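> here is my input; please provide its structure:
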Amino acid sequence: MTSELDSPKVLRGVGLALCAFSLFSLHDALIKTVSDVPVFQVVFFVVLFSFVPFVFMLGLSAQKKSLRPRMPGLVALRCAFTVGSLLCVFYAFSVLPMTQVYAVLFSAPAIITLLSIPVLGERVKLIRWIAILLGMVGIIVVLRPGSSPLSLGHATAIAAAVCVACSAVVTRKIGSREHSATLLLYPMLCNVVVSGALVCFVYQPMSGKALATMAAIGLISVLAQAIMIAAYRSTQAQFVAPMQYSQMLWAVVYGMFVFNEPIDNMAIYGSIIIVFSGLLFIWRELVTSVTQPVLRTRNLRMSGGPQAISTESDIEYPQDNNANSR
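Okay, the predicted model is just below:
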């Protein structure tokens, strides 16, 4: 492990991951700047704009691709979770401080682990139960139920975390059987169709600045996803996954200097607890021979562009104990 930590590939992977998550944070901050536009409309145009660089990148790839899903039912289920998470997270970012939204989204590893018990048939031992409980405590600290009324924004942030976790578990189940192009394209098409249909009822005229901002969000999304995939190709998941928590620092910076949001000490304390919970998951998976649903799916991003996932044909991951049962 020491030699791997000193490896230039590890440093390159960590650097790429930090770069990708800084772009994701910029992506989320830009969402807040168009909060006066209905969320369905924002999602529709962001995903629409993200198709341009995505199709360009798809065309440049020399690898043969089949766009026909082998497991259409589970692919459709994953698309539903992706659409739900995208709508929820866009709304949450538009009405809540970024620190609060990130804190709730960081609880996804705990939800993934809980779902892996009935869905993937995995056993959860004491350390991961402690991590789950810590994650739940962190959410309670952030949301502080009873001290102030919980808004629709808080509810959608929680719903987004649940959808992210559900999508991750489905991806974990079908990732080795479906091509990455299939897993990337269909959620984007579903987002365009669903949000486009809803836009018909809520459309509002937009300024050129708002339209340019949405185009930038779509471009940044695809660019960040490409950098994230490059990070996973450079080094192992355990070195890339913890870099996600750098987003909390960006959230504080954007909140203070761009949106004039006061620092929410309780949100920071809750985030620290949730981050510690996430690190416990990573430590548990590194020092034992358990399966790795968290490391392999924790950086799923439900953004305008394709999610930062790839199948085993694209990225080398540690083999799972139950790989033959999938």
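> continuing past the worst-scoring helix or strand of the chain on mean pLDDT, what's the next helix or strand?
Ranked by mean pLDDT, DSSP states H and E, the weakest helix or strand in the chain is helix 2-5, scoring a mean of 46. Going down the chain from helix 2-5, the next helix or strand is helix 8-33, by DSSP states H and E.
> which parts of that following helix are buried?
10, 13-14, 16-32 (16 or more other C-beta atoms under 10 Å). In this view, the C-beta of every residue, glycine as well, is placed from N, C-alpha and C.
> residue 39 and residue 86 touch, don't they?
No: shown here, residue 39 and residue 86 do not form a contact pair, counting by C-beta atoms under 8 Å, at 9.5 Å.
> out of these two, which sits in the more crowded spot?
Set residue 39 next to residue 86 and count neighbours by other C-beta atoms under 10 Å: residue 86 wins out with 28 against 24.
> what about the strands in this protein?
For the chain, strands defined by DSSP state E do not occur.
> for it, which residues score under the pLDDT cut-off?
For the chain, the stretches with pLDDT under 70 are 1-6, 58-66, 145-148, 284-326.
> and if we set it to 50?
For the chain, the stretches with pLDDT under 50 are 1-4, 6, 289-291, 293-326.
> which stretches of it form helices?
2-5, 8-33, 39-60, 72-95, 98-105, 108-120, 126-143, 152-174, 180-202, 208-234, 237-240, 246-257, 265-287, 293-297 (DSSP state H).
> out of those, which is the most enclosed?
helix 98-105 (a mean of 27; mean count of other C-beta atoms under 10 Å).
> hmm, who's touching that one?
25, 28-29, 32, 89, 92-93, 138-139, 142-143, 154, 157-158, 160-161, 164, 247-248, 250-252, 254-255, 259, 261, 264, 267-268, 270-271, 274 (C-beta atoms under 8 Å, 6 or more residues apart in numbering).
> C-alpha coordinates for it, PDB please?
Extracted C-alpha coordinates of helix 98-105, given in PDB (Å, rounded to 0.1, in the frame of the first residue of the first chain):
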ATOM      1  CA  MET A  98     -24.900  24.100  -0.900                       C
ATOM      2  CA  THR A  99     -23.400  22.900   2.500                       C
ATOM      3  CA  GLN A 100     -26.800  21.500   3.500                       C
ATOM      4  CA  VAL A 101     -27.400  19.800   0.200                       C
ATOM      5  CA  TYR A 102     -23.900  18.200   0.100                       C
ATOM      6  CA  ALA A 103     -24.300  17.000   3.700                       C
ATOM      7  CA  VAL A 104     -27.500  15.200   2.900                       C
ATOM      8  CA  LEU A 105     -26.100  13.800  -0.400                       C
END
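> let me know the angle separating that helix from helix 126-143.
Angle of helix 98-105 versus helix 126-143, following axes from the mean of the first three to the mean of the last three C-alpha atoms, to 10 degrees, is 150 degrees.
> what angle separates helix 98-105 from helix 8-33?
Using the same axes, to 10 degrees: helix 98-105 against helix 8-33 is 120 degrees.
> now do helix 98-105: distance to the chain's middle.
12 Å (C-alpha atoms, centre = their mean, to the nearest Å).
> pretty sure residue 245 sits against residue 275.
Yes: taking C-beta under 8 Å as the definition, residue 245 is a contact partner of residue 275 at 5.0 Å.
> which neighbours do those two share?
residue 106.
> residues touching residue 91, list them.
Residue 91 sits in contact with 39, 152, 153, 156, where contact means C-beta under 8 Å, 6+ apart.
> perfect, I'm done here.
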